[in-house]
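*Asks:* dropping the sequence and predicted coords here.
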Amino acid sequence: MHHLIKQYISKLTIENVKEFLTTNNIYLDEMELNYVFNLVKKDYNFVLDKKYDIVLKKLKDNISLKNYQKLEILFLEYQKKYENYL
């Protein structure tokens, strides 16, 4: 499963991230969007290793509180949904 995720992440674009977030009613400014995109591309292994706190801390320290709260809810929702597959 990790190999499939790695392949998907390698093809992921910033537009994919933006579309996913806007579909979930999360609207980031350009700087926040770039940060989230780079975090996903570089640090997805923390999620695969179930080190969620590291990713959430990085988000909290680098985006607005309002957007962080929305992303945290979305993150935890997907974490619960897919936890058994990681």
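*Replies:* Thanks, I have it. Predicted, not measured: the structure shown is a model, and the values here were computed from it.

*Asks:* so which strand or helix has Asn25?
*Replies:* Assessed by DSSP states H and E, Asn25 sits outside every helix and strand.

*Asks:* just want the most central residue of this structure.
*Replies:* Val40 (5.2 Å; CA atoms, centre = their mean).

*Asks:* quick one: buried residues of the helix or strand it falls within?
*Replies:* Using DSSP H and E, Val40 maps to helix 30-48. Across helix 30-48, burial judged by 16 or more other CB atoms under 10 Å covers 32-33, 35-37, 39-40, 44, 46-47. Bear in mind the C-beta positions are built from the backbone N, C-alpha and C, glycine included.

*Asks:* what's in contact with that helix?
*Replies:* 2, 5-6, 9, 12, 14, 17-18, 21, 28, 52, 54-55, 58-59, 62-64, 67, 71, 79, 86 (CB atoms under 8 Å, 6 or more residues apart in numbering).
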